[in-house]
Every structure is written in structure tokens, then in C-alpha cells.
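Colleague: Give me coordinates for this.
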Amino acid sequence: MAAPGAARPAPPLVDHHCHGVVRGELDAAAFEAYLTESDAPAAPGTSYFDTQLGFAVRRWCPPLLGLPPHCPPERYLARRRELGAAEVTRRLLRAAGITEFLVDTGLPGHLTSPRELAEAAGGTAREIVRLEHLAERVADTSRTTDSFLASLDGAVREAARTAAAFKSVAAYATAWTWRPPRPR
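Modeller: Here you go, the predicted structure:
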């Protein structure tokens, strides 16, 4: 028990749903693309650094890289290149204070694995397995429906030994919509 008036240690932080981070260097356009989920270009005369997320990145990230808050995006991106992707990732993740990551490994791209993410952050990580990707891997080696179902059952059981969770994106990947039942 802490002494009266003593500061209590912060509770551990868990990121209950994240993805790996980009392993390599990004040019300015590729970096900006990560500041939005939109497929539309930024408004004329602006960039995605002029969004709420862009403002937050410009406020909180530069000081962790030895720059003043709100430095110009070009200077921030140059500093990232100077330090290198691995060092930037380590600094930013460790500053977040997250001790455990539950990592959805279902996004495409050259992203860090749960183990790499945990090492960079100085924490731990467990995988959230995407069922569609697991099924795709099994389908690639199955010759019949029966062998696919048997192999999928085995693959799910094997993944469950270490996975934190399973996830499916079928509902929103296919734009299913829920409609309440009609009154009788």
C-alpha cells in the first residue's frame, strides 16, 4: 500500500485493438495517407496534416523526436527519416505507455508482427486472428470441401492456443445491414 499522499503508479494500458505499424520509411504522400481513412483528396489548399488527426500528430509527436510542437510537416518528416523507422517507432510507442497490445493481423501491407510491435514498445502483444485470412490459407491447401472443413477446424483450434481473440470482417466488408423485424 502506498503511503498517504504518495503518487500511485499509473495502471497498465492495454490497446484492445490495433494493427502493426509500417516497418519502413514513408514518403510524404504515403505518410499523409495514414492520416485519413478517406479515399478523397485533401481539400484544396490543405493537406491531411490540416485535419484533427494531423494537428494531433504535429502537436504530440515532434517533441518525442527532439523537435518543437507544431513544427512544419516537412521538418517532422525529415526528422523521421534522419532517425530511421525503427527508432521513430520505438520512441513513439514507448512514449504511449501501452504495456499490452491486442494486434489484428488482418490488414495488408508491410506491417510489424505482434512480436515486433511488443519489442518496439517494451511491452507484450497477442494476436487477434482474422477468420477470413485463416480460411484463405486453409483453402489454398485443400482439395475438397470436406478436407477444407477438417483443416479449418484444426487451424482454428491451433490458432486458439495463442490468440487473444478471433475476428471476422464479413459483416462490414460486404455492407450487410441489419434491419429490425417487421411488426406483425
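
Colleague: Please write out the alpha-carbon positions of the host helix or strand of Val129 in PDB.
Modeller: Using DSSP states H and E, Val129 sits in strand 124-130. Provided in PDB are the C-alpha atoms of strand 124-130 (Å, rounded to 0.1, in the frame of the first residue of the first chain):
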ATOM      1  CA  THR A 124       3.700  -7.600 -24.700                       C
ATOM      2  CA  ALA A 125       1.300  -8.500 -27.600                       C
ATOM      3  CA  ARG A 126      -1.200 -11.100 -28.600                       C
ATOM      4  CA  GLU A 127      -2.800 -11.700 -31.900                       C
ATOM      5  CA  ILE A 128      -6.400 -11.200 -32.900                       C
ATOM      6  CA  VAL A 129      -6.800 -13.700 -35.700                       C
ATOM      7  CA  ARG A 130      -9.000 -12.800 -38.700                       C
END
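
Colleague: who does that strand pair up with?
Modeller: Its sheet considered, strand 124-130 pairs with strand 98-104 (parallel), strand 165-167 (parallel) by DSSP bridges.

Colleague: in it, what counts as buried?
Modeller: 124-125, 127-130 (16 or more other C-beta atoms under 10 Å). For the C-beta atoms, the positions are set from N, CA and C on the backbone; glycine is no exception.

Colleague: hmm, back to that, quick one, which of the strands paired with strand 124-130 is packed in tightest?
Modeller: Burial of the strands paired with strand 124-130 is given as mean neighbour count (mean count of other C-beta atoms under 10 Å); strand 98-104 ranks first at a mean of 20.

Colleague: List of residues touching it?
Modeller: 12-20, 113-114, 117-118, 121, 123-128, 130, 164-165, 167 (C-beta atoms under 8 Å, 6 or more residues apart in numbering).

Colleague: Can you tell me how far the closest residue in space to Leu131 that isn't next to it in sequence is from Arg59?
Modeller: Leaving aside its sequence neighbours, Leu131 sits nearest to Ser168 (C-beta to C-beta, 6 or more residues apart in numbering; 4.7 Å). Shown here: Ser168 relative to Arg59, a distance of 36 Å by C-beta to C-beta, to the nearest Å.

Colleague: if we can go back for a sec, could you dump the strands paired with strand 124-130 into JSON lines with mean pLDDT and distance to Phe55 added?
Modeller: As requested, the strands paired with strand 124-130 are exported to JSON lines (pLDDT from 0 to 100; distance: least, C-beta to C-beta, whole Å):
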{"stretch": "strand 98-104", "mean pLDDT": "96", "distance to Phe55": "22"}
{"stretch": "strand 165-167", "mean pLDDT": "94", "distance to Phe55": "31"}
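
Colleague: Could you export these to TSV, including columns for distance to Phe31?
Modeller: Putting these into TSV (distance: least, C-beta to C-beta, whole Å) gives the following:
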stretch	distance to Phe31
strand 98-104	21
strand 165-167	27
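
Colleague: Sweet, I'm off.
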